[in-house]
Each structure stands twice: as structure tokens, then as C-alpha cells.
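[1] here is a sequence with its predicted model. Questions after.
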Amino acid sequence: MPGGRAGGHPPGPPDREERECVTHVDEAFGGETVEACLQRKAGVFGGFYRPLLADCAHRIARWETEWDADRRERVDLRRIARPLLDAVLDDLHHIGIRALISAFRAQRGDADGLDYAGFHARISTGAGRAALLEGFPELGRLLHLATERHLRHTAEVLQAAADDRPALADTLGAGERVVGLRPGLGDPHRGGRSVCIVHWDNGVDTVYKPQRRSCLSLLQALQHLLDPDGAFFGPLCPPALVRDTRLWQGYVAGGDLCASGEDPDAAAARYFRRFGRCAALLSLLGANDLHHENVIATPEGPVVIDLETLVSLPERTAEGASGVLPRDIELSPLNTLLFPLRNMGGHVDVDLSALGTVRTEQSRRLTSFTVVDPGTDDIRFATEPAAIPPGGANVATAGGEQLDPRVWVDHLTTGYSEARDLLERHRGAVAERAARGDWSVRQILRPTLVYGRFLEASTHPAYLADQADRAALFDKLPPRQRGVAPEAGGPTGRAETEALVDRDVPYFEVEADSRDLCVNGTGRRIPDAVAATPREALLSRIERFLARPVGRDLAYIRYSLASSVDDIWETGVRRGQRRAAVAGALPHLSDTAAWHRMLAESVVEGPDGAACLMPRLYGPGLRLDGTNTLLYEGGGLLVYLAQAAACGQDTGVDVDALFAGAAPEPVPQDPFPLAVSPFTGLLATRITGLELRLRGAAAGTALPVKELPDTSRVAVEALTAEDFDYVNGFGGYLRYLAGYDDPDGPAQAGPAAEPLLRRLVEVDGPPGEHSGEVGLAHGRFGRIAAMSAQVAGGTDTDGRARAHLEHFAEAYLRHRWRDDALRDPASQATWCKGYAGIAAAAADMLACLGTPAAEIRRALEPEAERIVGAELTPDLSLCHGAAGRTAMLCVLADRLDWPELRTEARRLSDAFLERYGEGRWCSGIGAAPELPGFMLGVSGWHFARLMLSGPEVRPPYCLGGRR
């Protein structure tokens with residue numbers, strides 16, 4: 001790929017006379033440039049830095065006299081001076097601004113306190129500057145150090161450009177003269193050195209990287225072996241020139257995928273297919289840290305521009321069930337950071353991946369500082385959410401709009417599978433290439449984000465009195481370091497502090513056949529710090545990658561994208577943009593055995609149980625986690641697997657092992673009423689165990705007994721109608737109390753049934769009237785279902801609940817109240833808010849009042865007709881889609897001796913298969929067709945299909961099953 005072309009560069013080199021005019025740098029020019037730079041920072045005490053910036057300008061001018069004539073002709077110093085001075089000033093400002101603001105605000109309380117202009121003028125003088133630095137000695141050291149490092153590094157870059165110019169011209173198309181720089185890109189390492197873009201006079205840009213070794217030769221060897229013409233992977237990495245102490249790359253500019261006028265869908269399909277292929281190769285190597293700044297989207301495919309971590313060393317993870325998934329994820333494509341990795345409990349709540357999905361630009365957990373009211377007497381610094389753009393210009397766009405990778409997930413997984421097959425066919429040759437060559441890798445001991453937060457904290461005024469204060473702060477870095485032996489933790493920690501004290505991000509290298517950590521480019525080594533050499537790790541990785549089930553990686557990619565947005569109900573695909581399906585990317589929905597195999601491949605066995613990665617609900621979004629035991633999600637999946645086994649199907653999954661390996665649910669800080677929900681609360685684990693026991697699973701013999709929080713905290717008399725939510729509150733809990741035989745249940749599951757029932761009657765509202773939601777999950781019929789279960793169970797000792805139900809039944813059958821969901825063709829028949837759930841709850845209500853089945857059938861004919869005749873949407877779920885309609889038709893057929901509804905259930909389910917079964921369905925969140933959970937995902941669909949076999953297959957009681 002040719003170097004990127006930057007706008008505004010001259011088309012060719014000027015003649016000698018013009019060069020002398022343009023490049024001459026004198027004191028007058030330096031002074032003007034310094035003042036122009038400082039004017040940019042006039043509102044944040046920019047004058048304080050004038051001596052440092054003036055010294056920089058003077059030394060830049062001195063380069064001209066120190067260089068020979070040829071060197072002077074090859075560099076336009078005037079055009080280099082301004083961006084260099086700007087970079088220096090930005091760095092100085094970031095170091096010093098909080099100390100300057102603190103000093104200003106402190107003196108404002110004095111009798112002779114100055115306003116902003118006066119204080120700025122004072123500290124811009126020699127005496128005022130010196131007086132301020134007396135209170136912050138470490139600040140003075142850091143400012144001088146930053147200035148020196150910028151100048152030294154720029155001189156090194158210009159020297160390298162001069163030395164390498166002929167080779168750069170041949171390899172990367174560089175011109176005759178350097179006409180500009182963009183210094184200070186990326187993190188500083190090894191004495192303040194960082195990435196720098198060099199602009200040449202012919203419009204070509206080259207990227208300078210101060211690294212001694214890299215894995216480029218390894219990747220190039222594999223690229224030549226597997227894809228000699230570049231048609232399979234695409235560009236993969238930029239053209240490069242390798243030197244002993246540096247690496248030059250062609251500049252890669254991200255481009256719109258259809259900039260050349262190509263059909264957007266065809267361009268996107270090619271890009272994401274190649275992305276999947278590249279992901280397989282990079283995952284085989286063990287690459288990591290491939291976030292959105294290190295991978296550029298181009299029309300020909302993704303380009304990896306940072307190869308320092310192409311091979312990674314093994315991480316130390318916990319033993320037992322809790323460590324099973326982390327160890328497996330390390331071997332998966334998720335470890336590359338090419339894909340979003342948003343896990344439960346993760347501290348990084350934004351998407352840093354190369355693929356990019358999340359549109360959020362501000363973190364809710366990570367913070368930074370900002371300057372408020374600059375240039376005024378009220379100037380101050382404040383904390384604000386960290387701004388982390390989601391991919392920016394590097395992610396795939398078409399027509400100027402960022403593409404939603406969830407739409408193209410089938411192309412991603414298809415490309416991954418194709419590359420996996422290619423790698424398998426060349427297994428021996430790939431291992432042979434990996435076994436030779438001289439390369440090294442960077443070992444990242446902890447996320448760079450952690451270093452960045454500590455570095456930012458260290459320039460707070462509280463730490464600028466003494467270097468030792470900053471060192472003590474860095475010594476508080478968490479002791480756990482990625483991939484490092486425990487006995488090496490002390491030396492590596494000291495090396496980290498040593499680098500950070502000088503504002504470097506620590507940099508550790510490991511040579512291909514060594515176990516020593518090379519420290520910060522100093523020549524020092526920490527012997528035997530890692531458990532395996534990079535080459536040993538790579539060869540082992542290749543074998544383990546090719547041995548793992550490819551279906552697991554494909555599931556991880558899909559789950560990653562499903563959990564990659566902040567709000568699953570509002571973002572992207574849910575708004576109507578449908579997935580670009582690829583035939584065969586998912587097993588046909590009728591092929592239950594194939595889905596079982598795919599699910600079984602996702603299960604990871606451990607010494608204390610098994611685990612399976614899956615997305616779970618977290619607020620309005622999804623997050624990755626191990627299988628949970630909540631009936632709504634993972635617990636319901638286990639119930640389905642137990643039911644399938646009871647029906648004679650071989651699922652290939654050990655339900656008991658998964659149940660044993662599931663992590664316990666944390667106790668919510670505000671536990672009621674959610675804690676007692678049989679679907680989503682702590683009690684849901686108990687419900688899952690009971691349902692498993694009913695289906696013959698051994699897990700039912702060791703039911704977890706949760707001691708829920710003290711029920712004395714629940715003021716029953718203060719509960720509202722919303723607290724009796726059926727899915728998330730006391731409505732479902734009352735159903736549990738009435739329906740399950742659980743004598744050894746939790747000692748404090750929640751308040752007693754009778755006072756709850758009395759309160760429910762009080763808050764449900766007048767039985768002859770209705771406003772608000774009608775449906776079962778979160779509306780009026782959820783409360784009615786809870787009340788009906790308690791009346792049927794004999795709790796209604798005073799008859800008030802029964803009377804309430806009688807009046808409500810009469811009024812509902814007369815008015816048939818409707819809300820927005822019941823008027824919407826897409827939702828009117830669902831279990832959650834539509835007639836499927838309403839009909840099941842109404843049947844229970846009428847039955848508990850003693851209504852004969854024949855009368856109930858006649859009464860509910862309108863509801864049944866709407867369930868049968870409603871629009872058939874792509875949603876397969878129990879909660880919002882076809883599975884819920886199918887299941888409730890079966891429930892009504894069995895409960896009311898209404899066989900015609902079983903026929904309709906079969907017809908509806910088969911029609912769904914015919915229309916959407918070949919990968920065109922969606923889950924209950926409007927996307928993520930592979931979602932395995934119960935109420936929103938594929939396992940709920942397959943449970944409903946089992947129900948079609950006969951009345952012996954009953955749904956969980958709280959979902960509408962019979963006791």
C-alpha cells in the first residue's frame with residue numbers, strides 16, 4: 001500500500017534559491033513562532049513556558065549552523081519548527097496546568113492576591129517563575145526533561161530520515177526533502193521516544209517508529225506463504241523499511257470503503273470477510289493490543305500498523321472453574337482486541353476494539369481532568385468523564401457513516417472459518433516458519449490505560465513537590481503483572497517506576513529465544529522473568545489454536561458483537577438495519593442437533609465444573625459472562641438442556657457440570673423486589689434448580705439455598721404496583737410461593753405471601769378500570785397472574801383477592817383494554833406484552849374462579865385468534881417472538897382441552913422456520929440471532945419446539961407451566 005498523501009504538500013522540490021529562503025531559521029523567526037505558539041495557551045498561563053519554548057527555538061535554529069549543506073537542503077526547518085514547538089508546548093501544558101491553577105487559586109486568598117492577568121504576568125517573569133517552582137521542584141524537572149526529550153527525539157528522526165532517504169525513496173516512495181513532522185504520536189517509551197510522521201516534499205508521508213526489533217519478518221513470511229498475491233487477507237500490514245534501531249512504515253490513511261464508487265454492500269462484505277480472515281491469522285499468532293489505534297480500515301481490508309505484540313506470552317490465570325473462561329479467552333480471537341470485549345465487572349466501559357461498535361464518546365467509569373473557565377479569575381480544573389472516541393477515522397465507514405459490524409457478523413465469521421481452514425491445510429509450513437527467524441516481542445505487563453491513569457495522577461500538584469512522592473505513587477501499581485513470574489515481580493515493578501518517574505510508558509521486550517525481560521531499552525535484563533520464550537509460546541499457540549473447536553471462536557465473535565453496544569434496544573440493528581446473512585453461517589433453525597454441537601463446542605471443561613461464555617443482560621445492554629443460573633438467561637438454557645435430555649436427545653452438554661461451574665449471583669445493593677424475582681433475581685437460581693430437579697437432572701439434588709437479605713427491610717405497606725412486576729419483582733415471587741414444592745427453600749426468601757397479597761389487592765387499582773400497560777411481564781396481567789396463583793393456593797383467607805379477580809375478569813372480558821403494545825402488529829401477540837401472555841394469565845384467572853374449561857375457551861377466543869393471526873416477525877424468542885406464541889398456544893391447548901391450538905402452534909412454528917430458519921431470524925433483542933439464553937435466545941425457541949411433541953413437556957411454572 002503506498003504512503004498516504006497529505007493535503008497541502010508542494011508537488012515537487014523547489015529550486016535552490018527558494019530552498020534557502022524557505023528553510024532559513026533565525027532568531028526573529030524563532031521568536032515570532034514562540035509567541036504564536038504561546039498565544040494558543042494565553043488562557044492557561046502559556047507565558048510561564050516562554051523560556052523553555054524560546055530555548056527550543058534557539059536550538060532548532062542552531063541545527064542549521066551545525067548541519068552540512070546537503071543536510072540543510074534536505075530539511076525545511078521552518079516548516080518543522082512550528083509543529084515541534086506546538087508539541088512541546090502541549091506536553092508542558094499537560095504537565096503543569098494543575099499546579100499553576102492551584103498556585104493561582106491559593107494566592108487569591110491573600111490580601112495582595114492577583115487576578116488572572118496579574119498572576120499570569122508575574123509567573124511569566126524570571127522571578128515569578130522561580131518563586132512558583134520553589135514550591136514544585138519536581139515540576140521544574142519534568143518540564144526541562146520533556147523539552148530535552150522532544151528535541152533529542154526530533155534530531156534522531158531527522159538524522160534517520162537523512163541516512164535512510166535513498167532506501168525510503170525506493171521502498172516507500174519518499175521524496176527529496178523533509179517538509180514537515182507530526183511528532184509525539186503514541187505513548188513515549190525509552191527516553192521519550194515515540195512515533196513520528198515525516199512529511200516529504202512529494203506529498204508522501206512515512207511513519208518513523210523507534211523500535212529495535214519487531215515481528216514484521218514473521219508476519220511477512222506467513223503472508224507470503226499463505227497469500228502471495230494478497231487476494232485472501234488483503235494488505236494486512238503496511239510496506240516497511242527495517243533498520244537496526246528503527247522501523248519505517250508507509251503511512252496508511254483510512255478510507256471510505258466505497259470511495260471509488262463501488263456498491264457499499266459489496267465493499268462492506270469484502271472488508272468484513274477479510275477482517276475475519278486476518279483475525280484468524282492474528283489469533284493463531286497470539287497477537288494482542290490490536291485496538292482501534294493500531295488497525296486501519298481501508299477499502300482493500302484492515303491494515304495492522306503496530307506489530308510489537310504480534311506474539312504474546314501466556315498469562316497466569318486462576319485455577320478451578322473461575323479460571324476456566326479467562327484461560328480460554330486468552331486463546332480466542334477476543335484476546336487480540338480486534339473485537340469488543342465488554343465483560344461483566346470490567347473497568348473499561350467503552351469499546352477500544354479495532355472493529356468498533358459503540359458510539360459512546362465518554363466513559364461512565366474512567367475520568368480525566370479538564371480546565372474550566374480558562375483566562376478568567378474563576379479558572380479551575382475539574383474531573384470529567386474520559387473522552388475515548390469509539391474508533392474514530394480508523395473503523396470501517398461507507399458513505400461517511402460508520403458501519404455496524406453486527407450487520408456483517410456472518411461475513412466476519414465466514415472469513416474467520418475460511419482462514420482457519422487455510423491455516424489447518426498449511427499447519428506444518430506455518431510451524432516451520434515460526435521456528436526460524438530473529439525477532440522479538442513487546443511484553444505488556446498491564447494495560448497501557450492503567451499507566452496513563454497513574455501518569456496523569458502523578459502530575460497533580462500533590463505529587464510535584466518531590467520526585468519521591470511520584471515514585472511512591474507508582475509503587476502502588478497493582479502487584480499483578482501479565483505473564484511475569486512471581487519472583488520477577490519486584491524487579492519489574494521497580495523498572496516500571498523508573499520509567500514512569502520520567503513520564504515514559506514502561507517498555508519490556510523479550511527476544512524470540514529468551515526468557516529475559518529487556519528493560520526500557522537500557523540494556524538491562526531481568527533473567528527468567530517469563531515462563532516461556534516467545535518462540536516456545538508461538539509454537540504452542542499454533543498447536544492449541546488449531547486444536548480448539550472453531551465453533552467456539554465463531555460463537556465468541558458473535559457474542560462479542562452482541563454485547564458491544566450500550567443500549568441493545570435502541571442501537572443499530574434494532575432500528576431496522578437487518579443482518580447481511582450468509583447462507584450456512586449459522587445452522588438451520590430446524591437442525592437442533594447442529595445447534596447442540598455448536599453449543600457443546602462452546603463449553604469449556606474445568607476441574608471444578610464447566611463454563612460457557614455467553615452474553616447476559618446488564619442494564620440496557622449485554623455483557624459477556626460465564627453461564628449464569630438465572631432462569632431468564634443461562635438457567636433457562638440449562639432447563640432446556642435437561643428437558644431435551646429427558647426427551648431422549650443427546651445434547652453433548654453436561655448440565656450438572658455447567659450448573660456447578662456457574663458463578664454465584666452477587667447480592668444487589670438494593671435487593672428487593674428484584675432479589676425475589678424467579679426470572680432475574682437471586683431467587684432465580686433456586687427456581688432453576690427446582691426446574692432441573694423436575695426434569696431429572698442431578699443438579700436438583702444439590703440446590704443452592706440462598707440466604708437472601710433480611711426481609712425486615714421490606715415495608716410491605718409501602719410497596720407500589722410497580723413493585724409487583726411479574727418478571728422483576730414480587731409478582732413473580734408470589735407465583736413461586738404458590739407453585740413450587742420447596743420445603744427446604746431459602747430461610748428468608750422474602751415477605752410472607754398473605755401480607756403481600758393484601759397489599760397487591762390495594763395497589764392493583766380499581767378492578768373495573770384500567771390504565772397503563774396491560775401485558776403479563778410488566779403490566780396489569782402480571783399482577784393478576786400473581787393474585788390468581790395465590791387465590792388458587794388458598795392464601796386469600798378474607799376473600800378480597802377473589803372478589804377483586806371476579807370484578808376484574810368481568811370488566812376485562814367486557815372492555816378488552818388495549819395499550820400501545822397491543823395495538824402494534826409486531827408486539828400484539830407476544831408473551832411479554834401481548835396476547836400470548838395475557839391469554840395464559842386470563843386462563844389462570846378464570847380457572848381459579850371456578851370457570852369451566854369450555855367457558856374459558858369461548859371467553860378467550862379473541863385472544864387466541866390474535867395469537868394465531870398476528871404478524872410473523874423475525875423474532876424467535878419466548879419473550880418477544882414466535883417461541884412465546886408457540887409455547888402459550890400449547891399451554892392453552894393442554895389446559896383447556898383445546899387441541900386446535902396445538903395444530904395452530906405447529907403451523908406457526910413451521911411457518912417461522914420456512915421464512916426465517918436459514919439464518920434470518922433475530923433474538924429477542926432485535927439482533928444477535930446466536931444468543932443462547934432462554935427468554936430472549938435460541939434455547940427458548942428449541943424449548944417451544946419440544947413442547948410441540950406433547951403435553952408432557954411443560955414450560956417452567958412461572959412461565960405458564962402447570963403445577
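    It's in.

[2] surely residue 615 forms part of a helix?
    No: assessed with DSSP: H, G, I helix; E, B strand; the rest coil, residue 615 is strand; it does not lie in a helix.

[3] mind listing the helices for the stretch 351-500 of the chain?
    409-425, 427-434, 448-458, 467-474, 489-501 (DSSP state H, counting those that start in this stretch).

[4] give me the distance between the closest residue to residue 663 other than its chain neighbours and residue 112.
    The shortest distance from residue 663 to any non-neighbouring residue, by CB to CB, 6 or more residues apart in numbering, is to residue 626 (5.6 Å). To be clear about C-beta, it is placed using only N, CA and C from the backbone, and glycine gets the same treatment. Going from residue 626 to residue 112 by CB to CB, to the nearest Å gives 64 Å.

[5] among those two, which residue is more densely surrounded?
    A side-by-side neighbour count of residue 626 and residue 112, using other CB atoms under 10 Å, places residue 626 first with 24 against 6.

[6] ok, the more buried one - contacts?
    By CB atoms under 8 Å, 6 or more residues apart in numbering, the contact list for residue 626 reads 324-325, 611-614, 661-663.

[7] identify, from those, the entry nearest to residue 518.
    Minimum distance to residue 518 across those is 32.1 Å, recorded for residue 325 (CB to CB).

[8] what pLDDT is listed against the closest one?
    Here, the pLDDT recorded for residue 325 equals 87.

[9] from residue 843, how far out is residue 851?
    Counting by CB to CB, the gap from residue 851 to residue 843 is 9 Å.

[10] who's more crowded, those two?
    Taking neighbours as other CB under 10 Å, residue 851 and residue 843 compare with residue 843 leading, 25 against 14.

[11] hmm, the more buried one is touching residue 896, no?
    Yes: applying CB atoms under 8 Å as the test, residue 843 and residue 896 come out as touching, 6.4 Å apart.

[12] tell me, what's touching these two both at once?
    Counting by CB under 8 Å, 6+ apart, the contacts common to residue 843 and residue 896 are 856, 860.

[13] which neighbours do residue 851 and residue 843 share?
    Both residue 851 and residue 843 lack any common contact, where contact means CB under 8 Å, 6+ apart.

[14] and residue 535, which of the three is it?
    Here residue 535 is recorded as helix under three-state DSSP.

[15] low-confidence ranges, the stretch 451-600 of the chain, go.
    In the predicted model of the stretch 451-600 of the chain, residues 570-578 satisfy pLDDT under 70.

[16] against residue 209, how distant is the nearest residue to residue 67 once chain neighbours are set aside?
    Excluding its sequence neighbours, the residue lying closest to residue 67 (CB to CB, 6+ apart) is residue 75, at 7.6 Å. Per CB to CB, residue 75 is found 20 Å from residue 209.

[17] equivalent analysis for residue 660, please.
    Distance, residue 660 to residue 209, using CB to CB: 49 Å.

[18] quick one, which of the two is more surrounded?
    Per other CB under 10 Å, whichever of residue 660 and residue 209 has more neighbours is residue 209, with 20 against 17.

[19] the more buried one against residue 197, yeah?
    No: in this structure, residue 209 is not within contact of residue 197 by CB under 8 Å, at 10.5 Å.

[20] surely residue 945 and residue 909 touch.
    Yes: counting by CB under 8 Å, residue 945 does reach residue 909; the two are 6.4 Å apart.

[21] which sections of the stretch 651-800 of the chain are below the confidence cut-off?
    Where the stretch 651-800 of the chain drops to pLDDT under 70, the residues are 664-672, 700-712, 743, 745-750.

[22] what angle do the helix or strand hosting residue 166 and helix 448-458 make?
    Assessed by DSSP states H and E, residue 166 sits inside helix 137-172. Following axes from the mean of the first three to the mean of the last three CA atoms, to 10 degrees, one obtains 140 degrees for the angle between helix 137-172 and helix 448-458.

[23] and the helix or strand following helix 137-172, how far from the chain's centre?
    For helix 137-172, the following helix or strand on the C-terminal side (DSSP H and E) is strand 178-189. Centroid separation for strand 178-189 versus its chain: 29 Å, with CA atoms, centre = their mean, to the nearest Å.

[24] now do stretch 453-468
    Stretch 453-468 sits 30 Å away from the centroid of its parent chain (CA atoms, centre = their mean).

[25] contacts made by it with the rest, please.
    So stretch 453-468 is in contact with 94-96, 98-99, 102-103, 135-139, 141-142, 366, 368-369, 469-470, 473-474, 477, 500-501, 503, 505, going by CB under 8 Å, 6+ apart.

[26] any idea how far the residue nearest the centre of the chain is from residue 559?
    Centroid check for the chain by CA atoms, centre = their mean gives residue 342 as the closest residue, at 3.3 Å. Using CB to CB, we find residue 342 at a distance of 10 Å from residue 559.

[27] can you work out which residues contact both of those two?
    Common neighbours of residue 342 and residue 559 (CB under 8 Å, 6+ apart) are residue 624.

[28] residues near residue 34, how many?
    Around residue 34 there are 24 residues (other CB under 10 Å).

[29] name the helix or strand for it, please.
    Assigned by DSSP H and E, residue 34 falls within helix 27-40.

[30] list the buried residues in that helix.
    29-30, 33-34, 37-38 (16 or more other CB atoms under 10 Å).

[31] any chance of those in TSV, with pLDDT and distance to residue 568 too?
    Output for the buried residues of helix 27-40, formatted as TSV (pLDDT from 0 to 100; distance: CB to CB, whole Å):
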residue	pLDDT	distance to residue 568
29	75	57
30	72	56
33	90	51
34	92	52
37	94	47
38	93	49
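
[32] what's the closest of the residues you listed to residue 305?
    Set against residue 305, the nearest of the buried residues of helix 27-40 by CB to CB is residue 37 (29.2 Å).

[33] give me the distance between the closest one and residue 742.
    Using CB to CB, residue 37 is found at 74 Å from residue 742.

[34] residue 45 too?
    As for residue 45, its distance to residue 742 is 69 Å (criterion: CB to CB).

[35] more crowded one of the two?
    More neighbours surround residue 45 than the other of residue 45 and residue 742, with 26 against 17 (other CB under 10 Å).

[36] correct me if wrong: the more buried one contacts residue 100.
    Yes: if you go by CB under 8 Å, residue 45 and residue 100 touch, sitting 4.6 Å apart.

[37] who touches both of these two?
    With CB under 8 Å, 6+ apart, residue 45 and residue 100 have common neighbours residue 123.

[38] before we move on, the earlier item: the helix holding residue 34: how far from the chain's middle?
    Put simply, helix 27-40 sits 44 Å off its chain's centre (CA atoms, centre = their mean).

[39] which strands and helices sit next to it?
    Helices and strands touching helix 27-40, by 3 or more CB pairs under 8 Å, 6 or more residues apart in numbering; DSSP states H and E, are helix 50-66, helix 77-107.
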